[in-house]
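Chemist: one predicted model, sequence on top.
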Amino acid sequence: MPANKKYLTTSNWSKAGKLTAAIFGGFLSVMAFHLALAEVLDTATVWGLGIVTTFICWGGFILWVYWVRVAWKAWLVTLGIVIASTAIIFISKM
Amino acid sequence: MNTQTKKNRDHNTFFNAHTVTGIVISIGLYVIFLCGAFSLFMRNIDNWEMNANLEKGSTLTDYERVLDTVEGMGYDMHGRDFYIANQKGPTYIFSAPLTDTMMVKSSLGILPDSIASGNISLELDASTFTKLEHEEEHQHAELGDFIYGLHYFRPIPVVGQYLSGLVALFFFFAIMTGLIIHWKKILKNLFTFRLKSSLKNLWADAHTALGVIGLPFQLMYAITGAVFGLTILLFLPYAVVTFEMDRDAMMAKVYPSIALASFEPKGYTGEQGEINALVNKNLSSVKEVHWNDFQVFIKNYKDEEAHLGIVYFGPPSGESLMASFESTYRLKDGALLNQVNYGEFSTFSKSMVEFVHQIHFGNYGSYLVKIAYFLAALLTCFMIISGLMIWIKVREKKAFEKDRKINQRIGRFSIGACMGLFPGLALLFILTKLIPIGLTDRFAIITYLFGLFWLVYTAYAMYVKDYTKITKHAFFLAGVFGLIVPIANGLQSGVWLWRSIDEGLIDSFFIDTAWLGMGLISLYLGVTLKSQNQKSRPIEIRETKKEEYLKKKSKPVFEPKLRAPQPVLNIKSADK
């Protein structure tokens, strides 16, 4: 019944990396994405929809991190989303 | 890597993630759901505690007299923003300290940091308009609020609410991983309930079947719970990045409301404005208003730009998912500037907030909705317990011999903490009736005793070790306490169950009856619950079948022979 251990990671570093990537990376990328959307589209609408979608996307990101199971990949994607979103925000604010 | 191995790997990863998340959030989630189930009725609990029916009895306060009374106390009033509510009897009035710019503009020679320009937070008696002292204010109506606070971990300082939000987020994650694990068998398992199989299978079937049945409810609460717990994450990033620290601009955009708006003062007029008349006029145009939910905002008091806002937050038994009712008047000429009627769509973002609020609190329907919510929350509590039991039963196997001690401790602690909460809540209801009113720090003592009980029960669970006993005794205690609740209420206030409805105290009747029912059910469970050992059950069945078979085969010949060895066995055991 319980998960078969041969498929699971044993390294504590890997576990901690995945967890932090899931929580913080997830929040950073989801928030950055929403903020960029709020700049491009109607702010109030994005915020209103974001009330619900933020947490759904965050949960989805956590799932995705555990699916790829490599923390650095998750952080790489986070970095990519954050940089892209920052660029969009920066350009639209100019 | 071939696809089958990858599939296995994914399945096991999500399975492990589900298990670990589940065991980490279990106690927190159980507290959230059980206390949340009770706090659906927090208003009724408050009314029960006071044995009053505020919705019928109270009337609107005299706002002009309230403001005059406060001015008479020596406060500088010009340019202040006031919040006035007549909740739970007394009238509450609040105003933040005057800002420096406001004091310069009021030109009344008020010193900064003096009492006159400082914070106003007063409770005035509803009929005499005298100031109520702190002890008087808080001797009543705290139980509903306390349970509601416990529901989002308010007793944990600073981080409590955020923790509850994180628990909700990981609850969402657990729902998703659970769905992925069971996706292929979701239909089949929904109709599987192996009562006669091993105990582990019973728990597993209960967990999956109830999980699928409760899925929409739980998904909704996972998301809306995260919204409430982590609200700060929805405001702060937008305030910093999108609105560049301009709070007022943000609020005007995403949540336009008189309650949060601020107006630029123009100059002192000394005119109070027709506040009472405007409020009464406004309310007469609205149907079904519950007075104690009505909040009045006054912006820039006695100024050219003085405004009156009337806001009605979330009805106790509404009929709509859009719960806002709001009007803004200019006090100078009494002009209606803006009105959003109850049940009307305001702006998209504001309506989203209201929608989330309404579905989370179950305020959009009648009490039947709330009762359905209550039962669904209890079902979720059972799902959490069954998940814990699967975890425990699986870890009793030989493969987990190495970590047996720590696993057992975690299991006992979790089950003990979860099961101890229900009798604890019942005790809380009794204590609010037994601890005499007027005692200093009355409610602190009550909550302390409640916490102590919960702690002692958890310790007791660690000591007893047997899960059936932990559950049985918790239900027994909850049953006894639950049956005492209506008696305690009757003894303390004389409002007995059979008299409350005649006196029109419907909430007193409702809570008393609910505890009577819950007490009886708990007592029944506490008395009849039997230990079901996983290993002994199948053997028992086999034995009886064998006996039946022997009896059927040769009754007269075998019976004496079967009985014959018995004395010998008895002697042997006696020798020992």
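Modeler: Done, it's in. Computed from a predicted structure; not experimentally measured.
Chemist: mind checking how far the residue lying closest to B:V485 once chain neighbours are set aside is from B:I406?
Modeler: In this structure, B:V485 finds its nearest non-sequential neighbour in B:W515, 3.9 Å apart by Cβ to Cβ, 6 or more residues apart in numbering or on different chains. The C-beta positions use only the backbone N, C-alpha and C, and glycine is treated the same way. Computed with Cβ to Cβ, to the nearest Å, the distance linking B:W515 and B:I406 is 38 Å.
Chemist: more crowded one of these two?
Modeler: The neighbour count for B:W515 versus B:I406, taken as other Cβ atoms under 10 Å in any protein chain shown, is higher for B:W515 (27 against 10).
Chemist: what's in contact with the strand or helix carrying the more buried one?
Modeler: Using DSSP states H and E, B:W515 sits within helix B:506-528. When contacts are defined by Cβ atoms under 8 Å, 6 or more residues apart in numbering or on different chains, helix B:506-528 is touched by residues B:41, B:43-45, B:47-48, B:51, B:53, B:422, B:426, B:429, B:472-486, B:489, B:495, B:497, B:500-501.
Chemist: out of these, which are buried?
Modeler: B:41, B:43-45, B:47-48, B:51, B:53, B:422, B:426, B:429, B:472-486, B:489, B:495, B:497, B:500 (16 or more other Cβ atoms under 10 Å in any protein chain shown).
Chemist: run the chain-centre distance for the longest helix seen in chain A.
Modeler: In chain A, assigned by DSSP state H, the helix with the most residues is helix A:43-68. For helix A:43-68, the distance from its own C-alpha centre to the chain's C-alpha centre is 8 Å (Cα atoms, centre = their mean, to the nearest Å).
Chemist: same thing with stretch B:361-373?
Modeler: Distance, stretch centre to chain centre, for stretch B:361-373: 14 Å (Cα atoms, centre = their mean).
Chemist: measure it end to end?
Modeler: Distances were taken as Cα to Cα, to the nearest Å; on that basis the terminal residues of stretch B:361-373 are 9 Å apart.
Chemist: is chain A contacted by that stretch?
Modeler: No. Judged by Cβ under 8 Å from any Cβ of the partner chain, stretch B:361-373 stays clear of chain A, getting no closer than 15.3 Å.
Chemist: burial measure for B:L434, as a count.
Modeler: A count of nearby residues for B:L434, using other Cβ under 10 Å, gives 14.
Chemist: assign the residue nearest to it when sequence neighbours are not counted to helix, strand or coil.
Modeler: Counting by Cβ to Cβ, 6+ apart, the nearest residue to B:L434 once its immediate chain neighbours are dropped is B:A488, at 5.9 Å. B:A488 falls in the helix class when you classify it by DSSP: H, G, I helix; E, B strand; the rest coil.
Chemist: now for B:A488: which residues touch it?
Modeler: Counting by Cβ under 8 Å, 6+ apart, B:A488 has contacts B:F429, B:I430, B:K433, B:L434.
Chemist: quick check, pLDDT for it.
Modeler: Each residue has a pLDDT score; the one for B:A488 is 92.
Chemist: how about A:T54?
Modeler: With respect to pLDDT, A:T54 has a value of 94.
Chemist: just B:K535 next, same as before
Modeler: You'll see B:K535 listed with a pLDDT of 45.
Chemist: hmm, B:M250 is touching B:V240, no?
Modeler: No. Contact status for B:M250 versus B:V240: not in contact, 9.9 Å apart, counting by Cβ atoms under 8 Å.
Chemist: compare these two and say which is more crowded by neighbours.
Modeler: Comparing B:M250 with B:V240 by neighbour count (other Cβ under 10 Å), the higher total belongs to B:M250, at 21 against 12.
Chemist: where does the closest residue to that one other than its chain neighbours fall, phi/psi-wise?
Modeler: Among residues not flanking B:M250 along the chain, B:F243 sits closest, at 4.1 Å (Cβ to Cβ, 6+ apart). Note on B:F243: its backbone torsions stand at phi -100, psi 10 [degrees, to the nearest 10].
Chemist: which ones are touching B:F243?
Modeler: The neighbourhood of B:F243, defined by Cβ under 8 Å, 6+ apart, consists of B:A249, B:M250, B:K253.
Chemist: what of B:I32?
Modeler: Contacts were defined as Cβ under 8 Å, 6+ apart; by that measure B:I32 touches B:H151, B:Y152, B:S164, B:V167, B:A168, B:G225.
Chemist: how far out from the middle of the chain is the helix or strand encompassing it?
Modeler: Under the criterion of DSSP H and E, B:I32 resides in helix B:3-39. Here the centre of mass of C-alpha atoms in helix B:3-39, compared against the chain's by Cα atoms, centre = their mean, lies 21 Å away.
Chemist: stretch B:65-73 now?
Modeler: Relative to the chain's own centre, stretch B:65-73 is displaced by 37 Å; criterion: Cα atoms, centre = their mean.
Chemist: what mean pLDDT does it get?
Modeler: Computed over stretch B:65-73, the mean pLDDT rounds to 84.
Chemist: mind listing the strands for chain B?
Modeler: According to DSSP state E, chain B carries its strands in the segments B:82-85, B:91-95, B:120-124, B:294-299, B:307-312, B:325-330, B:335-340.
Chemist: can I get those in JSON lines with mean neighbour count, distance to B:L199 and mean pLDDT?
Modeler: JSON lines is the format used below for the strands of chain B (neighbours: other Cβ atoms under 10 Å in any protein chain shown; distance: least, Cβ to Cβ, whole Å; pLDDT from 0 to 100):
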{"stretch": "strand B:82-85", "mean neighbour count": "20", "distance to B:L199": "53", "mean pLDDT": "84"}
{"stretch": "strand B:91-95", "mean neighbour count": "20", "distance to B:L199": "54", "mean pLDDT": "82"}
{"stretch": "strand B:120-124", "mean neighbour count": "18", "distance to B:L199": "55", "mean pLDDT": "80"}
{"stretch": "strand B:294-299", "mean neighbour count": "22", "distance to B:L199": "53", "mean pLDDT": "83"}
{"stretch": "strand B:307-312", "mean neighbour count": "22", "distance to B:L199": "52", "mean pLDDT": "83"}
{"stretch": "strand B:325-330", "mean neighbour count": "22", "distance to B:L199": "53", "mean pLDDT": "82"}
{"stretch": "strand B:335-340", "mean neighbour count": "14", "distance to B:L199": "56", "mean pLDDT": "78"}
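Chemist: which of those strands sits closest to chain A?
Modeler: When the strands of chain B are compared by Cβ to the nearest Cβ, strand B:335-340 sits nearest chain A, at 15.1 Å.
Chemist: for B:I359, the count of nearby residues, please.
Modeler: The tally of other residues near B:I359 (other Cβ under 10 Å) stands at 17.
Chemist: what does chain A put close to chain B?
Modeler: Residues of chain A lying close to chain B by Cβ under 8 Å from any Cβ are A:1-4, A:7-8, A:27, A:31, A:34-35, A:38-39, A:43-45, A:47-52, A:54-56, A:58-60, A:62-63, A:66-67, A:69, A:89.
Chemist: thinking again about what came up before, so which of the contacts of B:A488 is the closest to chain A?
Modeler: Distances from chain A to the contacts of B:A488, taken by Cβ to the nearest Cβ, are shortest for B:F429, at 33.5 Å.
Chemist: hmm, the closest one is touching B:F146, no?
Modeler: No. Between B:F429 and B:F146 there is no contact, the gap being 10.9 Å when judged by Cβ under 8 Å.
Chemist: export stretch B:379-395 as PDB, just CAs?
Modeler: Listed in PDB are the C-alpha atoms of stretch B:379-395, where the atom choice follows Å, rounded to 0.1, in the frame of the first residue of the first chain:
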ATOM      1  CA  LEU B 379     -17.400  14.000   6.800                       C
ATOM      2  CA  THR B 380     -14.100  15.700   6.000                       C
ATOM      3  CA  CYS B 381     -13.000  15.300   9.600                       C
ATOM      4  CA  PHE B 382     -13.800  11.600   9.200                       C
ATOM      5  CA  MET B 383     -11.800  11.500   6.000                       C
ATOM      6  CA  ILE B 384      -8.800  13.000   7.800                       C
ATOM      7  CA  ILE B 385      -9.100  10.400  10.600                       C
ATOM      8  CA  SER B 386      -9.500   7.600   8.100                       C
ATOM      9  CA  GLY B 387      -6.400   8.800   6.300                       C
ATOM     10  CA  LEU B 388      -4.500   8.800   9.500                       C
ATOM     11  CA  MET B 389      -5.700   5.300  10.300                       C
ATOM     12  CA  ILE B 390      -4.500   4.000   7.000                       C
ATOM     13  CA  TRP B 391      -1.100   5.500   7.700                       C
ATOM     14  CA  ILE B 392      -1.100   3.900  11.100                       C
ATOM     15  CA  LYS B 393      -2.300   0.500  10.100                       C
ATOM     16  CA  VAL B 394       0.100   0.300   7.200                       C
ATOM     17  CA  ARG B 395       3.000   1.100   9.500                       C
END
